[in-house]
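Asker: Quick one: sequence and predicted model below, then my questions.
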Amino acid sequence: MRVVLQRVSRAKVTVGDEITGEIGRGLLVLFGVAKGDSEAEADRLAEKIVNLRLFADAEGKMNLSLLDVGGELLVVSQFTLLGNAGRGRRPSYIRAAPPEKANAIYEYFVKACRQVCGRVETGVFQAMMDVELVNEGPVTLILDTDAA
């Protein structure tokens, strides 16, 4: 799995004219599933994300987690995170899991996040989405389960 985390003061996902997910202060999670990814990895990633110290304490240091600040999550599936543009001009998505597998892991990940975090909103799997965010900081982090 590969995720891009962005600390946000607000974020939302729109499909057509409908807002499908919207949060205030928290983390936007762009979520990509690779071939071979498992539910066990999704569990570890969910636990890591909600406990990462990405929010400022009273002294301005990033010492607080999403759980510490009562933040929210917006999880958006994004297979293009697995793209490889190393050769040619058209990215290859051969590392991305097939849609059925990716959706199952995505849904499992969202469920795992909901078990440990108060509010978790989502986009719509395989939909053309508009994602709006205000990146606070900016703070952006890339996590890859293959690199761990």
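Answerer: Good, I have the coordinates. None of the values given here were measured: they were computed from a predicted structure. Numbering: from 1, shown residues only.

Asker: so the residue of the chain most remote from its centre, which of the three states?
Answerer: For the chain, the C-alpha farthest from the mean C-alpha position belongs to residue 88; by CA atoms, centre = their mean, that distance is 28.0 Å. Look at residue 88: counting by DSSP: H, G, I helix; E, B strand; the rest coil, its state is coil.

Asker: With residue 8 instead?
Answerer: Going by three-state DSSP: residue 8 is strand.

Asker: Could I get the contacting residues of it?
Answerer: By CB atoms under 8 Å, 6 or more residues apart in numbering, residue 8 lies in contact with 23, 25, 26, 27, 28, 74, 133, 134, 135, 136. Heads up, the C-betas are built off the backbone N, CA and C, glycines and all.

Asker: how about TSV for those, with secondary structure added?
Answerer: Listed next are the contacts of residue 8 as TSV, based on three-state DSSP:
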residue	secondary structure
23	strand
25	coil
26	strand
27	strand
28	strand
74	strand
133	strand
134	strand
135	strand
136	strand
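
Asker: so which of these comes closest to residue 81?
Answerer: Checking the contacts of residue 8 against residue 81 by CB to CB gives residue 28 as the nearest, at 13.0 Å.

Asker: Show me the beta-bridge partners of the closest one.
Answerer: residue 6, residue 74 (DSSP bridges).
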